[in-house]
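> Everything below, folded, please.
(one chain, ligands or ions: 1)
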Amino acid sequence: MLLSPVISKLAGKRVVLASASPRRQDILSNVGLRFEVVPSWFKETLDKSLFSAPHEYAVETAKQKALEVARRMHLKHLKTPDIVIGADTIVTLEDTILEKPLDKQDAYNMLSRLSGKEHSVFTGVVIVHCKSEDNQLATNITDFYEETKVKFANLSDELLWEYIDSGEPLDKAGGYGIQSLGGMLVECVHGDFLNVVGFPLNHFCKKLAEIYYPPSKSTIHRVKHDSIPYVESFENLSDAETDCSNQTVMHRENKEEKCCYSQCNKSVDSSQQHPAVRQNGIPKKTREDSKVPPKILDLLDGFKSSKALFVASKLKVFDKLKEKGALKAIEIADMINASIRGTERILDTCVALGLLEKTHQDYRNTKDANTFLASDGEFSLHGYINYSNDHLWPMFSHLESAVREETCQREKASHKTPGNSHDSVHCIAKNRKPCMNAMHEMLKITAQDLGSAFDLSKYGSACDLGGSTGALAHELVCLYPNMSINVFDLPEVIEHTPEFQNACMDTSRIKFTSGDFFEDELPQAELYILSRILHHLSDEQLNCILRKISDKCPKGQGALLVAEIVLDEEKKEPRGLLQSLSMSEGNQRSGSEYRRLLEKFGFNSVEIKITGNLLDAILATK
Ligand SMILES: C[S@@+](CC[C@H](N)C(=O)[O-])C[C@H]1O[C@@H](n2cnc3c(N)ncnc32)[C@H](O)[C@@H]1O
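Residues are numbered from 1 along each chain as shown. This next block holds a predicted model:
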């Protein structure tokens, strides 16, 4: 059995991985599976003593993780996924289950127990097929587990502590990661290596093959699932045109705790199986054909969701709830000076969008709302959301004419002549403060990943060109105790920078300089930084600034750090492309395009780090 056709059976389906593990994401995306990641909120706290074998615990945990995500997504309008994949990996030694260590001492206790011995790694995997029927969630569950035996070498305390101090053990079952430094601890492995990494890919593909290419008279292992009650309907999980004779049972999620493990395994001649499918050789449309793909439904409604978020944020709903904990609609309406019915509607929409929680009549913020949406959240996007509402939203309403006339939407929105200023790279005067605020928030979120993408400790001085409020500079001085930074920006921007500094920040190594990077001499520095500058610039502006930086970096000395969204080579990732819709002269680029551009200016060593955050990092040296 070739594996790719099995994976391709999932193409076009809304597949969700209910796991935040980057290792599982890598394993599945490396084989071409397209999926969304929705980490489960299920707490891994099942009572282990209730399970007669460790793998049962792993399977049950995986199942609860996947079902929690399926139910949560189903509760949000139109969000029911087709398939949710859940997985849980545990390590067992002499029948004791070792999960993720709580702290360094716990990691040491685990690893020293594993030293010199063979242990088992179990991953429980659950594939939940979901359907929304009469607004209820129907699920069909397939599960399995894989065991791999791993033998550790005899490990000295010194080696163990060195490993523990690397920080790697803390988020890993058993306290080690075989795919990275932890590989050094391992003497041998019996079984599927990827199972130890966190996902038994081979067994998963075999399971998919069983589901999508079932033998004519097979018996699919059904497991007890106490929240799946009565038999509701029969659905063939294979595609309509597949010569597939197996039908499996969908279970409707229902509060009645009835169980059913039955299934129908009729072997039917495929030509007779769907008499309604073909008529005069022309495939007849099935109900499935007319089901609008969730992606399209999401896009149709996407603008409404964005606006609901913008309005809730503007009305300070998230701030009020953060301050008070839980409030009823009528109380919020009073606080935000709005109608009760209108407030109820926006609150319920925010619940459906996963931004708020509701118990009985009480609304409260989700953890993410406290962190990202409240205006005093650690990584607040409040200013960026308001900026999106007040400036980007009106700008995007000009998209059609901007496309027809090949102009920038900002120019359309402000009735300016196309391509006629460096306003494409700096905020126009009336928007300056909100724009600086929005950029400040975005950069605060991504600055740590940018600063640590490369080891910059050898650079004693840096100049952040167009560095705005100094948000990146603050992170860099924290990360690199020997670095001083000159934030260089236009005078009208530098004038506002004191409003963005706070008392807890160490500003002793940060200096703000007014200037124009096209017109003026650049300050001398060992490291130049261009964060979100290059993609705005015309070819002429690019030549000007890159030539100037290159001249300031003699061969073997100096470097340029660029922060941008780096597009994937096939240019399929939408975020950068969506952003490019608001531009005229500039360009979003892929890694190879940035490499070619920088090489033209003598930077023949170009390293690119995709950070997984809002911006990616490129380090160019000569
Ligand atoms: C898109 S913002 C990026 C800000 C910041 N680097 C970031 O990543 O959030 C562009 C910045 O470049 C500054 N800028 C635009 N033209 C400039 C010029 N000719 N000389 C100096 N700074 C300029 C703007 O004022 C603005 O702060």
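> and stretch 553-568, how far apart are its ends?
29 Å (CA to CA, to the nearest Å).
> which parts of that stretch are buried?
Buried residues in stretch 553-568, defined by neighbour count with 16 or more other CB atoms under 10 Å: 553, 558, 559, 560, 561, 562, 563, 564, 565, 566, 567. Where you see a C-beta, it was placed from the backbone N, CA and C, and this is true even at glycine.
> In strands, which of these fall?
559, 560, 561, 562, 563, 564 (DSSP state E).
> what residues are up against the fifth one?
In this case it means residue 563. 446, 450, 472, 529, 530, 531, 532, 615, 616, 617, 618 (CB atoms under 8 Å, 6 or more residues apart in numbering).
> Look up the pLDDT of it for me, please.
Per-residue pLDDT puts residue 563 at 97.
> Also the first one?
Residue 559 carries a pLDDT value of 96.
> switch to numbering from 893
That works, and once the first residue is 893, the last one we named lands at residue 1451.
> Mind listing the residues bridging to the residue nearest to it when sequence neighbours are not counted?
Nearest residue to residue 1451, sequence neighbours excluded (CB to CB, 6 or more residues apart in numbering): residue 1513, at 4.5 Å. Beta-bridge pairing for residue 1513 (DSSP bridges): residue 1451, residue 1497.
> what about residue 1513, distance to residue 1497?
Residue 1513 is 5 Å from residue 1497, where distance means CB to CB, to the nearest Å.
> what does residue 1376 give?
24 Å.
> More neighbours: which of those two?
residue 1376 (18 against 12; other CB atoms under 10 Å).
> Helix or strand with the lowest mean pLDDT in the protein?
strand 1123-1127 (a mean of 27; mean pLDDT, DSSP states H and E).
> and residue 1377, bridged to which residues?
Per DSSP bridges, the residues bridged to residue 1377 are residue 1354, residue 1402.
> Residue of the protein nearest the ligand, please.
residue 1358 (2.6 Å; CB to the nearest ligand atom).
> can you count the residues close to that residue?
Should you count by other CB under 10 Å, residue 1358 turns out to have 21 residues around it.
> measure it to residue 1079 for me?
When residue 1358 is compared with residue 1079 (using CB to CB), they lie 53 Å apart.
> cool, residue 1282 as well?
Applying CB to CB, the value for residue 1282 to residue 1079 is 61 Å.
> which parts of the chain sit against the ligand?
1314, 1317-1318, 1331, 1335, 1358-1360, 1381-1382, 1385, 1408-1410, 1423-1425 (CB under 6 Å from any ligand atom).
> which regions of the stretch 1393-1514 of the chain sit below the pLDDT cut-off?
Applying pLDDT under 70 to the stretch 1393-1514 of the chain picks out residues 1475-1476.
> Where do the helices of it begin and end?
Assigned by DSSP state H, counting those that start in this stretch, the stretch 1393-1514 of the chain shows helices spanning 1431-1444, 1466-1472, 1483-1492.
> Residue ranges of each domain in this protein, please.
896-1126, 1192-1272, 1320-1513 (automatic domain parsing).
> nearest to residue 1293, of those?
domain 1320-1513 (12.4 Å; CB to CB).
> Give the pairing partners of the helix or strand containing residue 1022; include direction for each.
Element membership for residue 1022, per DSSP states H and E: strand 1010-1025. According to DSSP bridges, strand 1010-1025 forms sheet pairs with strand 975-985 (antiparallel), strand 1028-1044 (antiparallel).
> just how off-centre is the longest one within its chain?
Relative to the centre of its chain, strand 1028-1044 is centred 23 Å away, using CA atoms, centre = their mean, to the nearest Å.
> What is the following helix or strand past it packed up against?
Next along the chain after strand 1028-1044, taking DSSP H and E as the criterion, comes helix 1049-1057. The contact analysis (3 or more CB pairs under 8 Å, 6 or more residues apart in numbering; DSSP states H and E) places helix 1049-1057 against helix 996-1006.
> Next up, the contacts around residue 1100.
898, 899, 901, 902, 1019.
> Compute the inter-axis angle for the strand holding residue 1022 and helix 996-1006.
Per axes from the mean of the first three to the mean of the last three CA atoms, to 10 degrees, the angle that strand 1010-1025 makes with helix 996-1006 is 120 degrees.
> For strand 1010-1025, the averaged confidence score.
92.
> got it, and stretch 974-985?
94.
> Help me confirm that residue 1446 comes into contact with residue 1514.
Yes - the pair residue 1446 / residue 1514 is scored as a contact, 7.5 Å apart, by CB atoms under 8 Å.
> which stretches of the protein aren't confidently modelled?
In the chain (pLDDT under 70), the answer is 893-897, 968-970, 1106-1182, 1299-1322, 1475-1476.
> rerun that using 50 as the cut-off
Scanning the chain for pLDDT under 50 picks out the ranges 893-894, 1109-1170, 1310-1318.
> about what we covered before: just the buried members of the residues of the chain next to the ligand?
Taking 16+ other CB under 10 Å as the criterion, what is buried in the residues of the chain next to the ligand is 1317-1318, 1331, 1335, 1358-1360, 1381-1382, 1385, 1409, 1423-1425.
> okay but residue 1083 is in contact with residue 1040, surely?
Yes - at 3.4 Å, residue 1083 counts as touching residue 1040 under the criterion of CB under 8 Å.
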